[in-house]
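1. Here you go, sequence then predicted model.
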Amino acid sequence: MIYFLFAAIKAGTPLLLGTTGEIVTEKTGNLNLGVEGMMFLGAFAGFYVGHHTGNLLLTLLASCIMGALGALIYAFLTVTLKANQTVSGLALTIFGTGFANFFGQIMIANTEGGVPKLPENLIAQLAETPIPILGNIPVVGKLFFSHNLLVYVAVVVAILCYLYMAKTRHGLNMRSVGENPAAADAAGINVTLVKYVHILLGGAICGLGGAYISLINGGGVWNNNCVNGQGWIAVALVIFASWNPVKAILGSFVFGAFSVLQFYAPKDIIDIPNAFYVMLPYLITAIVLVISSVRKSKKYAQPAGCSINYFREER
């Protein structure tokens, strides 16, 4: 059981980053369905830079920048040009997926043996390493304090985003823009600037989630289509977490458990085809969306201004 829970935390980490990034975006009133695309962009950029430099800091920075650049495209279309947010997000997903797979294939073709690998020193920096003293605690040490660096980064990012949104003035401005941009504008808040900054921040976090997939889940080897729908699960997790990054930590753990269940289910007792386990996370995603659609509580509703473009002239 301890190994199953440990694997669930690992599998849920990229979901947590994708979910946190989308929460930051939606809190400004923009629904970005391009999470999958931004994660793909971050996955490729992180692996490419890591493959050529072996520098962990540059690798993570590249993934964040590439995710933010994808978000910049979306922000320009929806904030500046007032394009439809749903269509723009879908276009970003298609673009990011195609970009990563296209240049990933070129990277494969230009690599001797056709298998791009990360340098050994970078793999060592991303290895699972118990935290001194804490990692020696029975059960708890293995479960919570023996992960790779990016697991802790993801949790810290989620907590910091929650504190930023709930406890700071800039976070209050962000939530004000997401709820009622006209009122925020009348109060002297630069709506366009707030949207741009937080959409790009959300994209950077999503890009980091993509880097986790290509660097950790890929075992140090590049795989095309590596994100494989996890961005869409992250979008549903936003609703599951009620737009709260701290709740997203638990939600990502739950969905991560469903993702790895096929490897730990007692098949000698119940013989269920592997295809069912592969389908399970997406089935749960659909159920979450159905339940959320019938739940009418304002406390757990998305920001009032979400997915609605703001036209200052109509204020």
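-> Received the coordinates, thanks. Residues are numbered from 1 along each chain as shown.
2. Contacts for stretch 228-240 next, please.
-> 14-15, 18-19, 21-23, 26, 33-40, 93, 206, 209, 213, 247-248, 251-252, 255, 281-282, 285, 288-289, 292, 302 (Cβ atoms under 8 Å, 6 or more residues apart in numbering). C-beta: built from backbone N, CA, C; applies to glycine.
3. low-confidence ranges in the stretch 151-300 of the chain?
-> Counting by pLDDT under 70, the stretch 151-300 of the chain has low-confidence residues at 267-270, 293, 295-300.
4. Let me see the ranges of the helices in it.
-> Here the stretch 151-300 of the chain has its helices, by DSSP state H, counting those that start in this stretch, at 169-179, 181-186, 191-212, 230-240, 245-264, 274-294.
5. could those go into TSV alongside distance to residue 71 and mean neighbour count?
-> Below are those laid out as TSV (distance: least, Cβ to Cβ, whole Å; neighbours: other Cβ atoms under 10 Å):
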stretch	distance to residue 71	mean neighbour count
helix 169-179	15	19
helix 181-186	18	17
helix 191-212	2	26
helix 230-240	13	25
helix 245-264	17	21
helix 274-294	22	13
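6. Same list (those helices) but as a markdown table, adding distance to residue 54.
-> Formatted as a markdown table, the helices of the stretch 151-300 of the chain follow (distance: least, Cβ to Cβ, whole Å):
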| stretch | distance to residue 54 |
| --- | --- |
| helix 169-179 | 36 |
| helix 181-186 | 44 |
| helix 191-212 | 15 |
| helix 230-240 | 26 |
| helix 245-264 | 28 |
| helix 274-294 | 33 |
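7. Residue 106: which of the ones you listed is closest?
-> helix 191-212 (18.1 Å; Cβ to Cβ).
8. returning to that earlier point: so which of the helices of the stretch 151-300 of the chain comes closest to residue 84?
-> Using Cβ to Cβ, the nearest of those to residue 84 is helix 191-212, at 15.4 Å.
9. Send me that closest one as CSV with only the CA atoms.
-> Extracted in CSV, the C-alpha atoms of helix 191-212 (Å, rounded to 0.1, in the frame of the first residue of the first chain):
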residue,chain,number,x,y,z
VAL,A,191,-7.4,45.1,-15.9
THR,A,192,-5.3,44.3,-19.0
LEU,A,193,-2.0,44.3,-17.0
VAL,A,194,-3.5,42.1,-14.3
LYS,A,195,-4.8,39.6,-16.9
TYR,A,196,-1.5,39.5,-18.8
VAL,A,197,0.7,39.0,-15.8
HIS,A,198,-1.4,36.2,-14.3
ILE,A,199,-2.1,34.4,-17.6
LEU,A,200,1.6,34.3,-18.2
LEU,A,201,2.3,33.1,-14.6
GLY,A,202,-0.3,30.4,-15.0
GLY,A,203,1.3,29.3,-18.3
ALA,A,204,4.7,29.2,-16.7
ILE,A,205,3.4,26.9,-14.0
CYS,A,206,1.8,24.6,-16.6
GLY,A,207,5.0,24.5,-18.5
LEU,A,208,6.8,23.3,-15.4
GLY,A,209,4.2,20.6,-15.1
GLY,A,210,5.1,19.5,-18.6
ALA,A,211,8.8,19.4,-17.7
TYR,A,212,8.0,17.0,-14.9
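10. related to what we said a few turns ago, which stretch among the helices of the stretch 151-300 of the chain comes nearest residue 85?
-> Of those, nearest to residue 85 by Cβ to Cβ is helix 191-212, at 10.6 Å.
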